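**Student:** Everything below, folded, please.
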Amino acid sequence: MKLPVIAAAALAAGVNLSSFAAAPIPLPEDRAYPGEIHLTVDASDLAHRVIRVHESISGLPADAVLLFPKWLPGNHGPTGPLDRLAGLMISANGARLNWTRDTIDVYAFHVPVPSTAATVELDFQYLSGIATRGGRAEIGQNVMILDWNDLILYPAGYYSRQITVQPSLKLAEGWKLGSALEPLVLNGAQTTFKPITLNNLVDSPVYAGRYTAQLDLDPGGAVPVHLDLFADRVESLYVKPDQLAAHRAMVQQAYKLFGSHHYAHYDFLYSLTDDVVQKGLEHHQSSEDGANADLFTAWDKTAYARDLLPHEYTHSWNGKFRRPADLWTPNFNVPMQDSLLWVYEGQTQYWGNVLAGRSGLRTRQQALDQLAMTAAFYENQTGRQWRPMEDTTNDPIVQMRRPEPWRDWQRNEDYYNEGMLIWLDADTLIRERSKGKRSLDDFARAFFGINDGSYVTVTYTFDDVVAALNAVEPYDWAHFLHERTDSVGKPAPLDGVRRGGYHLVYADTPTDFEKQADDGRHRNNQTFSIGVDIDQKGGELAEVIWDSPAFKAGLVEGDVLLAVNGTAYSPEALSDAIKAAKGTKAKIELIIKNGEHYKIVDIDYHEGLRYPRLEREATAPALLDEILAPRK
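**Tutor:** Below is the predicted model:
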């Protein structure tokens, strides 16, 4: 094995390496692992939110190295929660083995295995978050999220697809589970699943709960597709017929788009709770999804959340079946490279919004309103002055989704939504050039719809994407894509909006969709006026836009807005003050609290309230309406 980069550099400089030399970690090879792993998980301790794990591993060499998964698919970064592993005890032949953590790669554990040991036994715990001190919680009183990558150590030196695992799971009495895994033996609260390769195990999470429901999204279909609901309350599980119909239409619209499927069965694992983390994470035959408990019971107020399922579903085709070549890795401890996330996530974001509109999960107007909010964000974003969108594909590694002090200036994972705008641009351009005969739908079917029924991953490169676009509509697609992904200081890619028959405008009232989104986030969004996003009730500034009037007045994230023009803060009081200052020279006076300090701040802004929306351009074809129309 090659020396780690830091060690090689030190050696070249004549530094003595003996103080930090580590035993080698075998590189993964595509060969069958000679043993297997029996994995027994006890997730019944709800009171302490502790999951207890026992592993029995055969086939280990004398100088074994066990790895805790670090680079997690769908996270696009080194986010394996190693800090939550505790109590690691390893033994063989009834005697304890003294493991040693690798000092360079702390996700690796060196284990001396006796030659007489047929198996090595591991016991440890995974500690879910408790309140805010413990971070994000996966275990609540009524709902649980279980990711196998949190619960396993595996032998180094092999591709993950070459390691077989026999998993077993114990839940609390009365709880039920949902998963893409197939049960082998059911014994009360204990479920033993069929043996599975490690890569597919990690790709098959489990949701479990006290109150559950399973809905058939493709009755009579060739393969099962289910919506598995897990909620804090029974009433949250009630799905009205029209809501169910929209979810069923989503499945059919996806089949019409891609012309294939790449799973033996598919499960949307959907938590409806505020008690555990709300996830959106793709897997090949399932997805981890989460929303507030009132998603279905307050349906008329939750349209902003309804593109999550079509987004994650699209990933079964784009991301899981077809995957950027530099994002495919042989095991979970080889670093990923994220350069094509604007295809992986950006085009998925595009189809998520489109399928939400085509299926009726959102109305056409709601889909347009969502697009308006996205377009406005990038039209006003300051960070594009210095950082190209493509560089934000490194954010899952650089930032790992930690909060940023100046998100607008720093940029953050813009490959999602700016990527969506780029693919709208491409779609409308294909439609325009082909006079409506072809579209990005044709690309999706040709690129992601291959090998119907197979779920063996097929990788792709930038050149593969360009070639597939040229097969749909000949054009200089390499230049088109480079210009939009690599450039700095250029306007946001809004040609797709204009070519689609609309243009972006700002009004003094938010759309119903934007108001729903702000209410769902409990925010008063004034980012396009004075440049702040504010907690609706407490008045704390959640974000201040770089170089905005609020920024120039000295406001920062975490400031608390107490009063506006001498009146106690409320969203209405701030809106009234912004309206009153429009077209005048009067400044908006704010009283601000930061910790124990108070100050009076004057905001020099006179352009009124600004909320984005799309306005129809009567002289242009309504290509956006065509894109959002359901396929017959």
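**Student:** Flag the shaky bits of the protein, pLDDT-wise.
**Tutor:** 1-22, 131-135 (pLDDT under 70).
**Student:** Please list all residues in contact with the residue nearest to T584 when sequence neighbours are not counted.
**Tutor:** Once flanking residues are discounted, T584 sits nearest to H606: 6.1 Å by C-beta to C-beta, 6 or more residues apart in numbering. For every residue, glycine as well, the C-beta is placed using N, CA and C. Shown in contact with H606 (C-beta atoms under 8 Å, 6 or more residues apart in numbering): A581, K582, G583, T584, K585, A586.
**Student:** For the closest residue to K537 other than its chain neighbours, what are phi and psi?
**Tutor:** Nearest non-adjacent residue to K537, counting by C-beta to C-beta, 6+ apart: H522, 7.0 Å away. With angles defined as degrees, to the nearest 10, H522 sits at phi 60, psi 50.
**Student:** any idea how far R387 is from the residue nearest to T584?
**Tutor:** 30 Å (C-beta to C-beta, to the nearest Å).
**Student:** Narrow the contacts of H606 to just the buried residues.
**Tutor:** A581 (16 or more other C-beta atoms under 10 Å).
**Student:** which of the contacts of H606 sit farthest apart?
**Tutor:** Taking C-beta to C-beta as the measure, those span a maximum distance of 11.2 Å, between K582 and K585.
**Student:** For the residue sitting furthest away from the middle of the chain, list the residues it contacts.
**Tutor:** Computed with C-alpha atoms, centre = their mean, the residue of the chain farthest from its C-alpha average is T116, at 45.3 Å. T116 is in contact with N93, counting by C-beta under 8 Å, 6+ apart.
**Student:** what's the helix or strand for it?
**Tutor:** For T116, there is no enclosing helix or strand under DSSP states H and E.
**Student:** give me every residue that touches the nearest residue to G80 once chain neighbours are set aside.
**Tutor:** Nearest residue to G80, sequence neighbours excluded (C-beta to C-beta, 6+ apart): K70, at 4.2 Å. Shown in contact with K70 (C-beta under 8 Å, 6+ apart): P78, T79, G80, L82, Y107, F332, N333.
**Student:** same thing but at 10 Å, please
**Tutor:** Each residue near K70 by C-beta atoms under 10 Å, 6 or more residues apart in numbering is listed here: 77-82, 105-108, 149, 331-336.
**Student:** Selecting buried members of those in PyMOL, what would you type?
**Tutor:** In PyMOL syntax, the buried subset of the contacts of K70 is picked out as below (16+ other C-beta under 10 Å):
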select buried, resi 77+78+79+80+81+105+107+108+149+331+332+333+336
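**Student:** Please flag which of the contacts of K70 sit within strands.
**Tutor:** A108 (DSSP state E).
**Student:** taking the contacts of K70 one by one, which sit in helices?
**Tutor:** Of these, none are assigned to helices by DSSP state H.
**Student:** about what we covered before: on the three-state scheme, the residue nearest to T584 is what?
**Tutor:** Here H606 is coil, with the state taken from DSSP: H, G, I helix; E, B strand; the rest coil.
**Student:** neighbours of N187, just the number please.
**Tutor:** As a burial measure, N187 scores 9 neighbours (other C-beta atoms under 10 Å).
**Student:** isn't L215 right up against R248?
**Tutor:** Yes: if you go by C-beta atoms under 10 Å, L215 and R248 touch, sitting 8.8 Å apart.
**Student:** joint contacts of these two?
**Tutor:** By C-beta under 10 Å, 6+ apart, the residues touching both L215 and R248 are V225, L227.
**Student:** quick revisit: would you reformat the contacts of H606 as JSON lines and include secondary structure and distance to V185?
**Tutor:** Shown next, in JSON lines, are those (DSSP: H, G, I helix; E, B strand; the rest coil; distance: C-beta to C-beta, whole Å):
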{"residue": "A581", "secondary structure": "helix", "distance to V185": "70"}
{"residue": "K582", "secondary structure": "coil", "distance to V185": "70"}
{"residue": "G583", "secondary structure": "coil", "distance to V185": "74"}
{"residue": "T584", "secondary structure": "coil", "distance to V185": "75"}
{"residue": "K585", "secondary structure": "coil", "distance to V185": "78"}
{"residue": "A586", "secondary structure": "coil", "distance to V185": "74"}
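**Student:** just the contacts of H606 now: which is nearest T302?
**Tutor:** For these, the nearest to T302 is K582 (32.6 Å; C-beta to C-beta).
**Student:** returning to that earlier point: let's have the contacts of H606 in TSV, adding distance to G174.
**Tutor:** Formatted as TSV, those follow (distance: C-beta to C-beta, whole Å):
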residue	distance to G174
A581	59
K582	59
G583	64
T584	64
K585	67
A586	63
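**Student:** with the contacts of H606 in mind, which one is nearest to P612?
**Tutor:** Using C-beta to C-beta, K582 is the member of those that lies nearest P612, at 17.4 Å.
**Student:** Quick check: the gap between that closest one and L541.
**Tutor:** Counting by C-beta to C-beta - K582 and L541 are separated by 22 Å.
**Student:** Kindly report the same for L355.
**Tutor:** When L355 is compared with L541 (using C-beta to C-beta), they lie 35 Å apart.
**Student:** would you say R248 is within a strand?
**Tutor:** No: per three-state DSSP, R248 lies outside any strand segment and is helix.
**Student:** Surely it is in contact with F268?
**Tutor:** No: the criterion here is C-beta under 10 Å, and R248 misses it with F268 at 11.8 Å.
**Student:** quick one: common contacting residues for the two?
**Tutor:** L215, L217, V225, L227.
**Student:** Relative to D414, which of these is nearest.
**Tutor:** Nearest to D414 among these, with distances taken as C-beta to C-beta, is L227, at 30.7 Å.
**Student:** So that closest one sits against D216, correct?
**Tutor:** Yes: judged on C-beta under 10 Å, L227 makes contact with D216 at a distance of 8.1 Å.
**Student:** which of the two has more neighbours?
**Tutor:** It is L227, of L227 and D216, that has more neighbours when counted by other C-beta under 10 Å, with 23 against 13.
**Student:** Need the phi and psi values for that one.
**Tutor:** Dihedral angles (degrees, to the nearest 10) for L227: phi -110, psi 110.
**Student:** Report the contact partners of it.
**Tutor:** Contacts of L227 (C-beta under 10 Å, 6+ apart): 178, 213-217, 239, 244, 247-248, 250-251, 266-270, 289, 309.
**Student:** Filter these down to just the buried residues.
**Tutor:** 178, 213, 215, 217, 239, 247-248, 250-251, 266-270, 289, 309.
**Student:** Just the ones of these in strands?
**Tutor:** Going by DSSP E, the strands hold G178, A213, L215, Y266, D267, F268, L269, Y270, D289 from the buried ones among the contacts of L227.
**Student:** what's across from the third one in the sheet?
**Tutor:** When you say that, I think you mean L215. L227 (DSSP bridges).
**Student:** quick one, what contacts it?
**Tutor:** By C-beta under 10 Å, 6+ apart, the neighbours of L215 are 225-229, 237, 239, 243-244, 247-248, 268, 270.
**Student:** same thing but 8 Å
**Tutor:** L215 touches H226, L227, L229, V239, L244, H247, counting by C-beta under 8 Å, 6+ apart.
**Student:** Contacts for the helix or strand encompassing I90 next, please.
**Tutor:** In this structure, I90 sits in strand 85-92 according to DSSP H and E. The contact list for strand 85-92 (C-beta under 8 Å, 6+ apart) reads 68, 96-97, 99, 109, 111, 113-114, 117, 119-127.
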